[in-house]
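Trainee: okay, here's the prediction I keep looking at, along with the sequence it came from:
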Amino acid sequence: MRLTRPPFILAVTGLATAVASAGKLEVFGLALAGWCWLVVLMVALVGIGMRIAARTRFPLLLFAPFFFYVALRTDYSDREEFQRYIMLWTPVLAGYFASIVRSRAVTRKAVLDTTYGVFTVILIAYAIAATYSGEWTAISNWFAAPGFSMTLVLVAAVSTVAHFESKSKKHAAVVAVCFAAAFMSQSRNPVLVIPTLFLLGYLRNVRSIKVIVVIGAMLLAAHIAFYQEAVQQSLFRSGSGTYSDLLELDAADLRTGGRLFAWPIFLENIPNWWVGGGSASSARFGREYFFGRWAHPHNEYIRVVFDYGLIGLGLLMIPLVALYRRLGDVLGSTSDATFLANVMRLGLIGMALLAATGNVLVYMAWYGNLLFCIGGFAFNRRAERGVSGRAPDLVDAAHSARIK
């Protein structure tokens with residue numbers, strides 16, 4: 001199969017995402033992932049500067065209140081605070097540049113080729129890490145990049161959209177491999193998020209017998225897996241448990257990487273519920289309280305409230321929800337634009353789910369940068385003026401069977 005040469009910003013972002021999964025390495029005193037998001041930021045800034053007069057429907061201004069507010073809550077003399085602020089800009093600027101870039105390759109195929117290229121690299125990196133460490137849970141020992149499992153979720157989102165569009169089994173197989181890799185690495189939240197995203201395509205067609213059978217089979221498989229010894233030991237410190245034990249959220253028994261212990265402590269020590277304690281205040285508190293072992297609460301909602309307060313969380317959620325809704329206006333314009341918009345919408349749902357137990361905003365190098373780049377292409381005029389057609393909206397997958 002002949003590969004499509006992707007637009008430059010997509011190639012750079014895809015390569016940066018793949019390289020970020022090479023492990024927790026440092027180059028000239030900066031983490032490899034740090035260089036990756038920095039390169040994407042520089043390319044986006046230069047590209048935007050060269051196309052400053054270009055018109056786009058990408059809702060950049062919707063993010064302005066949040067960025068202005070965070071700017072007021074940042075101490076620029078503190079390197080960590082300044083870095084956190086700049087990192088937040090990277091995915092949004094990458095998406096904006098993608099929406100104005102001039103390229104004939106703003107297509108579904110270019111995105112699939114790039115995503116599957118990233119997928120191949122991160123699987124190889126994971127296999128090397130597992131071989132080097134001697135165990136499949138290489139991530140927990142930091143032999144593999146910490147954001148590896150988040151990239152698996154993004155790849156699964158792209159593959160899910162492609163599957164519902166084409167009904168091709170190869171895309172469904174990629175979703176299955178992403179799930180298997182997340183399962184073997186004991187990445188608990190991605191193990192739940194990946195099948196959840198895949199099932200979203202069936203929600204509007206839930207009365208279909210086929211759909212009921214598929215959902216029933218997945219629930220049965222999940223039930224059988226839950227009582228497997230390996231899963232029981234990965235979930236419960238006692239070595240075994242039931243669903244009721246799971247729902248009790250007993251921090252002394254559930255293996256959550258310390259999250260159930262840490263979250264109440266972070267919540268009890270939020271400096272100001274309205275405005276927070278300022279950029280990186282959660283990281284400073286975590287390192288001090290937990291003796292340097294926790295720099296994040298591993299819950300983005302708690303972290304954002306701790307740093308920026310409920311005002312900051314609201315200012316962040318408003319543009320993200322508005323972006324999701326505006327992507328709905330793109331659906332149906334062309335097959336390429338609709339595919340890109342669906343990927344972005346499903347990816348935003350995935351991001352919201354990952355944020356419940358992870359640092360998806362901090363780990364933009366593994367998730368957000370590539371997601372926003374793909375979503376930005378949905379607003380690109382070349383995508384909107386492409387070959388006429390309609391790909392299925394994942395939120396309205398009842399029409400997906402009509403697409404060949």
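Mentor: Yes, it's here. Residues are numbered from 1 along each chain as shown.
Trainee: surely residue 88 touches residue 361?
Mentor: Yes - using CB atoms under 8 Å, residue 88 is in contact with residue 361, at 7.0 Å. No exception for glycine: its C-beta is placed from N, CA and C like everyone else's.
Trainee: which residue ranges form the helices in the stretch 201-350 of the chain?
Mentor: Secondary structure of the stretch 201-350 of the chain (DSSP state H, counting those that start in this stretch): helices located at 209-226, 229-235, 243-248, 259-268, 281-289, 300-330, 335-354.
Trainee: which stretches in the stretch 1-150 of the chain count as helices?
Mentor: 8-20, 32-50, 64-72, 79-100, 108-133, 148-166.
Trainee: out of the helices of the stretch 201-350 of the chain, which is the most enclosed?
Mentor: Mean neighbour count (mean count of other CB atoms under 10 Å) peaks for helix 335-354 among the helices of the stretch 201-350 of the chain, with a mean of 25.
Trainee: now that one: mean pLDDT?
Mentor: Taken as a whole, helix 335-354 has a mean pLDDT of 94.
Trainee: kindly report the same for stretch 84-95.
Mentor: 95.
Trainee: which parts of that stretch are buried?
Mentor: By 16 or more other CB atoms under 10 Å, the buried positions in stretch 84-95 come out as 84, 85, 87, 88, 89, 90, 91, 92, 93, 94, 95.
Trainee: could I get those residues as CSV with distance to residue 263?
Mentor: Supplementary listing: the buried residues of stretch 84-95 in CSV, determined by distance: CB to CB, whole Å:
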residue, distance to residue 263
84, 20
85, 24
87, 23
88, 22
89, 28
90, 27
91, 25
92, 28
93, 31
94, 31
95, 30
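Trainee: pick the one among these closest to residue 55.
Mentor: Checking these against residue 55 by CB to CB gives residue 95 as the nearest, at 15.4 Å.
Trainee: just to check, the closest one is in contact with residue 373?
Mentor: Yes - when contacts are counted by CB under 8 Å, residue 95 is listed as touching residue 373 (6.1 Å).
Trainee: ok so, going back, least confident of the helices of the stretch 1-150 of the chain, on average?
Mentor: Among these, helix 108-133 has the lowest mean pLDDT, at a mean of 89.
Trainee: now the helices of the stretch 201-350 of the chain as TSV including distance to residue 8?
Mentor: As requested, the helices of the stretch 201-350 of the chain are exported to TSV (distance: least, CB to CB, whole Å):
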stretch	distance to residue 8
helix 209-226	39
helix 229-235	42
helix 243-248	47
helix 259-268	39
helix 281-289	34
helix 300-330	22
helix 335-354	17
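Trainee: closest one to residue 22 among the ones you listed?
Mentor: For residue 22, the closest of these is helix 335-354, at 20.9 Å, according to CB to CB.
Trainee: with just CA atoms, put the closest one into CSV.
Mentor: Taking C-alpha atoms only, helix 335-354 is exported to CSV below (Å, rounded to 0.1, in the frame of the first residue of the first chain):
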residue,chain,number,x,y,z
SER,A,335,-15.8,12.5,3.8
ASP,A,336,-12.3,13.7,4.9
ALA,A,337,-13.5,16.6,7.0
THR,A,338,-16.2,14.4,8.7
PHE,A,339,-13.7,11.7,9.5
LEU,A,340,-11.3,14.2,11.0
ALA,A,341,-14.0,15.8,13.0
ASN,A,342,-15.2,12.5,14.3
VAL,A,343,-11.7,11.6,15.4
MET,A,344,-11.4,14.8,17.3
ARG,A,345,-14.8,14.5,19.0
LEU,A,346,-14.1,10.9,20.1
GLY,A,347,-10.6,11.9,21.2
LEU,A,348,-12.0,14.7,23.4
ILE,A,349,-14.3,12.1,25.1
GLY,A,350,-11.3,9.9,25.6
MET,A,351,-9.3,12.8,27.0
ALA,A,352,-12.1,13.6,29.5
LEU,A,353,-12.1,10.0,30.6
LEU,A,354,-8.4,9.7,30.9
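Trainee: what helices or strands is it leaning on?
Mentor: Where contact means 3 or more CB pairs under 8 Å, 6 or more residues apart in numbering; DSSP states H and E, helix 335-354 is packed against helix 108-133, helix 148-166, helix 188-200, helix 300-330, helix 368-378, helix 381-384.
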